[in-house]
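S.K.: what shape does this take:
(one chain, ligands or ions: 2)
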Amino acid sequence: MGTKERILVTGGAGFIGSHTVVQLLKEGFKVSVLDNLDNAVEEALDRVRQLVGPQLSNNLDFHLIICLDWREILGMRTIWRNCFLRANAVIHFAGLKAVGESVANPMRYFDNNLVGSINLYKVMAKYNCKKLVFSSSATVYGQPDKIPCVEDFELKAMNPYGRTKLFLEEIARDLQKADQKWRIILLRYFNPVGAHESGMLGEDPKGIPNNLMPYITQVAVGRLPELNVYGHDYPTPDGSAIRDYIHVMDLADGHVVALEKLLQSNGIGCVAYNLGTGRGTSVLEMVAAFERASGKKLPIKLCPRRPGDATAVYASTDKAEKELGWKAKYGIDEMCRDQWKWASQNPWGYKSKP
Ligand code: NAD
Ligand code: UFG
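M.R.: Ligands and ions are numbered 1, 2, ... in the order given. Coordinates of the predicted model:
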């Protein structure tokens, strides 16, 4: 396979970014990762290199950069400038994502996610690199009145993190309207879980995890004593809340097809796609699936609902299927299988036991 275009990946050392970089390299793209390692470690990219082998690793370069910091951009080093000059498109994962932290410290979120992204777009425009795939989120549907969530639903945000995603979607639409040279795909992820099937890459959150799957994982490996199940009185079959969990490798493949579409389609404008499976799974069903995959019994405690949580959220996947030709391949059993493989091989994530 010949080498394809160069793609600049912000946040490429993080959870979704690192899995996507593997798939991009395997597809023959050259990849420049920009990451400030705020929520990632360089070891993740070393593992990416091991996975793709020495030859494809030559197509990956990493730059430790607060890519979104204006001071850095003003004094941009030649090496970074070259990344933008040579890039055919940007996949923009970099951002902060903890809902609770965003409520406690909204300015950190507005500064990093909003101001940062605006600065990134200025640099992209300056170097005439106007093709963008942006990490949006199902959070832009807020507490949807109807399910499944369809891309043309009214958008709402429930917290500062959600507002950064909503505003950044609007900014992208305005940018593209004003300058038709921009081609932008907004990917609204539902609940990304799982890990690379090798067990070498996975999610490695700092501190106590906020999200269900990393929490379950840390209970299974003995780092946490029990899982709090938030809500057992929802109007759902087993009383726990329902989400659309998607395997991170399906998500990674979704980025590759979105990118191909972006590179090939003149006049694509600014368009949003849901990336989910279209199937809802309850918290208790997820716990049962993880128990099957790991062979471990997970201690749980039934707790009151978590404030701000929706009862049930899942995606309509028709638009991505029809326009991108993409459909998730994996179900929750494969998600739990790969999550467990990663966790059992790396119980302390990329670090060794402290
Ligand atoms: P992650 O924290 O693992 O990855 C984000 C990466 O961005 C990290 O490597 C971090 O170090 C880097 N980063 C943050 N701010 C930066 C900055 N100013 N400059 C350079 N690098 C910076 O998170 P993830 O789960 O891989 O999420 C990736 C993107 O997808 C985020 O934008 C997130 O909001 C979005 N998203 C995630 C989920 C989810 O549940 N994981 C769901 C929907 C959307
Ligand atoms: N849950 C528990 N116990 C936990 C953690 C979560 O019972 O320890 C429950 C939650 O109450 C919720 C479900 O598991 O009912 C899923 O919770 P997550 O925190 O894993 O995911 P959310 O759907 O709340 O939100 C996540 C991200 C958002 C993003 C959204 C959609 O945190 O930023 O997925 O992509 F917008």
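
S.K.: ok now do the closest residue to residue 175 other than its chain neighbours, which residues does it touch?
M.R.: Leaving aside its sequence neighbours, residue 175 sits nearest to residue 182 (CB to CB, 6 or more residues apart in numbering; 5.6 Å). C-beta coordinates here come from the backbone N, C-alpha and C atoms, glycine included. With contact taken as CB atoms under 8 Å, 6 or more residues apart in numbering, residue 182 is in contact with 130, 131, 132, 172, 175, 176, 270.

S.K.: who's the second one bridged to?
M.R.: I take that to be residue 131. On the basis of DSSP bridges, residue 131 is bridged to residue 183.

S.K.: need the contact list for the residue of the stretch 201-350 of the chain found nearest ligand 1.
M.R.: Closest contact between the stretch 201-350 of the chain and ligand 1, by CB to the nearest ligand atom, is at residue 211 (6.0 Å). Going by CB under 8 Å, 6+ apart, residue 211 touches 191, 205.

S.K.: what pLDDT is listed against it?
M.R.: Residue 211 is assigned a predicted lDDT (pLDDT) of 97.

S.K.: what is the burial count for the closest residue to ligand 1 within the stretch 151-300 of the chain?
M.R.: Closest approach of the stretch 151-300 of the chain to ligand 1 (CB to the nearest ligand atom) occurs at residue 189, with a separation of 3.9 Å. Neighbourhood size, residue 189 [other CB atoms under 10 Å]: 21.

S.K.: residue numbers of the stretch 251-354 of the chain in contact with ligand 2?
M.R.: Within the stretch 251-354 of the chain, the positions adjacent to ligand 2 are 283, 306, 309 by CB under 6 Å from any ligand atom.

S.K.: can you show me the strands along the stretch 51-200 of the chain?
M.R.: 60-64, 89-92, 131-137, 183-189, 191-193 (DSSP state E, counting those that start in this stretch).

S.K.: quick one: residues in contact with stretch 158-166.
M.R.: 95-99, 101-103, 106, 109-110, 113-114, 136-137, 139-140, 142-143, 155-157, 308.

S.K.: which of these count as buried?
M.R.: Among those, the ones that count as buried by 16 or more other CB atoms under 10 Å are 95-99, 101-102, 109-110, 113-114, 136-137, 139-140, 142, 155, 157.

S.K.: count the neighbours of residue 153 for me.
M.R.: Count around residue 153 with other CB under 10 Å applied: 17.

S.K.: which residues touch it?
M.R.: 141, 144, 146.

S.K.: and the residues you listed, which is closest to residue 250?
M.R.: Closest approach to residue 250 among these (CB to CB): residue 141, at 19.5 Å.

S.K.: helix or strand for residue 239, which one?
M.R.: Under the criterion DSSP states H and E, no helix or strand holds residue 239.

S.K.: measure how buried the nearest residue to it once chain neighbours are set aside is and give me the count.
M.R.: Ranked by CB to CB, 6+ apart and with sequence neighbours excluded, the top spatial neighbour of residue 239 is residue 232, at 4.3 Å. Using other CB under 10 Å as the criterion, residue 232 is surrounded by 17 other residues.

S.K.: neighbour count and pLDDT added to the contacts of residue 182, as TSV?
M.R.: Below are these laid out as TSV (neighbours: other CB atoms under 10 Å; pLDDT from 0 to 100):
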residue	neighbour count	pLDDT
130	18	97
131	21	98
132	24	98
172	23	98
175	18	98
176	19	98
270	20	98
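
S.K.: save the residues you listed as TSV, and put in distance to ligand 1 too.
M.R.: Compiled in TSV, those are given as follows (distance: CB to the nearest ligand atom, whole Å):
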residue	distance to ligand 1
130	20
131	18
132	13
172	13
175	18
176	19
270	17
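
S.K.: from the residues you listed, pick the one nearest residue 319.
M.R.: The closest of the contacts of residue 182, once distances to residue 319 are taken by CB to CB, is residue 270, at 14.1 Å.

S.K.: separation between the residue in the chain that ligand 1 sits nearest to and ligand 2?
M.R.: Going by CB to the nearest ligand atom, ligand 1 is nearest to residue 14 of the chain, at 2.1 Å. From residue 14 across to ligand 2, the span is 14 Å (CB to the nearest ligand atom, to the nearest Å).

S.K.: ok, residue 132 next?
M.R.: 19 Å.

S.K.: so where is the chain shaky, pLDDT-wise?
M.R.: 1-2, 66-77 (pLDDT under 70).

S.K.: about what we covered before: from the residues of the stretch 251-354 of the chain next to ligand 2, which land in helices?
M.R.: Taking DSSP state H, the ones among those that sit in helices are residue 283.

S.K.: which one of the residues of the stretch 251-354 of the chain next to ligand 2 has the most neighbours?
M.R.: That'd be residue 283 among these, by other CB under 10 Å, with 24 neighbours.

S.K.: surely that one and residue 212 touch.
M.R.: Yes - using CB atoms under 8 Å, residue 283 is in contact with residue 212, at 6.3 Å.
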